[in-house]
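> okay, sequence plus prediction incoming.
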Amino acid sequence: MPQSIKGVVLVADGEAVIRDMLLFYLKRSGYQVIQAEDGQDALIEMTRVRPDLILADLPLPEISGDQLCKMVKGSSETREIYFILMIPTDGGTSIDVTIDALSVGADDTISKPLRSQEMLARVESAFRIIEMQKEIKQQNRELTIYREKVQGEMELASRLQMSLLPDIGTIGPYQYTHRYQPVGGIGGDIYSITPLPYGGAALLVADVSGHGVTAALISAIVKTSFEYHIRARGGPLAWAQSMNRDLKRNTMDEQFATALLAKLDPEAGTLTYVCAGHVPPICISQCVTDSPSKGPEPAAPIALGGASPPLGMDEGMSFAEHTIDFAPGDRLVLYTDGLVESESKSGNSLGSEELLQYCFTLPTDLEDAASQLFLRAREYIDPSEFADDVTLVVVDYIK
């Protein structure tokens, strides 16, 4: 049975006796051998058969061994060929010559006169390195394919997640807009504003623990649960209790979500909400002056209190529901903690109190107000980036 070829070796040496000796030992060891008597001949042979390894004499005719090495290592098509320079020593070893050989790109050197055992050991060692390099290249190719596949799936997941967010628009007398920026293209924030079948609108802003695909999947569960439970008559307290059970039963123990659940009732002129472990929303109300000619003036923005535990911690968790007046001209600002807890280079974070101060000077236009809040929070931490998913929702009662 013929011996399998270990690899292809190009031998370049001006002495025929050296070429024949190398041919004998290398071929007997299982290598395919190509011979070249000078540097120019070596380049010609390389166009016919691509060698895995070149074994070249330093004082090679036409083109010297070190020049040949420079040419091979200087080309993107051939630079990966393993190159061993044979250095004549005349009984002694020149460290400077060896250093020069390595500096032009040689992977190894071997002294002449050659010793067959040493030469074969160097070649065997070279081919072990060659095989490792091939394995690394193959792994890199596979990793690149995998990374591109994952990137494509992440982009698809990001588009799907964005499709879950409501379009900017109006529900009855309520106008709303949002700013959304996930970390890494996909995140655990979610928001929904939905008309209620029995009048008014239901509003959700939620932040799932963690980041990435898992958090995004759970955020979809939160949104689905919310939109299912608001169909029945009830309010944020009933929604929170039902969503808490859903989340606890369908996720792992360490997973939970903070959420702001709100019901906007235009007939009653109220906002009823449950703040389940979430950062407090901000309400900006209009107050009526004693002079009708002046019209209503904005009151000081207030952060709504009444915190309850997050959703998904325990099935028997209790939640507190609160109701405030919400009249025409009023504005509601909701957000996730990524907006106020991301840190600047100095280690400072904006904080909810500072965000509340920003709300004193918001433009009247809804889109301008949302853009100003988002940009001011971004400028506060500049040049740092948001370290967590960010969602900002602004709702105006425009009737």
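Arrived safely.
> residue 233: how many residues sit nearby?
9 (other Cβ atoms under 10 Å). Just so you know, the C-beta spots here come from the backbone N, C-alpha and C atoms, and that holds for glycine as well.
> wait, it sits on residue 198?
Yes. In this structure, residue 233 is within contact of residue 198 by Cβ atoms under 8 Å, at 5.9 Å.
> just to be sure, residue 97 is in a strand?
No. Per DSSP: H, G, I helix; E, B strand; the rest coil, residue 97 lies outside any strand segment and is helix.
> I'd say it and residue 103 touch.
No. Assessed by Cβ under 8 Å, residue 97 is found out of contact with residue 103, at 10.6 Å.
> between the two, who's got more neighbours?
residue 97 (17 against 9).
> all helices for the protein, in order.
In the chain, helices defined by DSSP state H lie at 16-28, 39-48, 65-73, 95-103, 116-164, 212-229, 236-250, 338-341, 351-358, 366-381, listed in chain order.
> got TSV for those, with mean pLDDT too?
Listed next are the helices of the chain as TSV, based on pLDDT from 0 to 100:
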stretch	mean pLDDT
helix 16-28	94
helix 39-48	94
helix 65-73	93
helix 95-103	79
helix 116-164	85
helix 212-229	89
helix 236-250	94
helix 338-341	94
helix 351-358	93
helix 366-381	95
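> out of the ones you listed, which comes closest to residue 277?
Between residue 277 and the helices of the chain, the shortest separation by Cβ to Cβ is 10.5 Å, and it involves helix 236-250.
> ok now the closest one, how far from the chain's centre?
With Cα atoms, centre = their mean, to the nearest Å as the basis, helix 236-250 stands 31 Å off its chain's centre.
> same check on stretch 160-180?
26 Å.
> check stretch 72-91 too.
For stretch 72-91 - counting by Cα atoms, centre = their mean - the centre lies 41 Å from the chain centre.
> what's it in contact with?
Applying Cβ atoms under 8 Å, 6 or more residues apart in numbering, the external contacts of stretch 72-91 come out as 13, 46, 50-59, 65-66, 69, 94, 97-98, 101, 104-112, 114, 122-123, 126-127, 129-130, 133.
> buried ones among the residues you listed?
13, 46, 51-58, 65-66, 69, 97-98, 101, 104-112, 114, 122-123, 126-127, 130 (16 or more other Cβ atoms under 10 Å).
> domains in this structure, as residue ranges please.
8-138, 165-397 (automatic domain parsing).
> and those domains: which comes nearest residue 151?
Across the domains of the chain, closest to residue 151 is domain 165-397 (Cβ to Cβ), at 9.1 Å.
> between the two ends of the closest one, what distance do you get?
Start and end residues of domain 165-397 are separated by 20 Å (Cα to Cα, to the nearest Å).
> since that was my last question, I'll sign off now.
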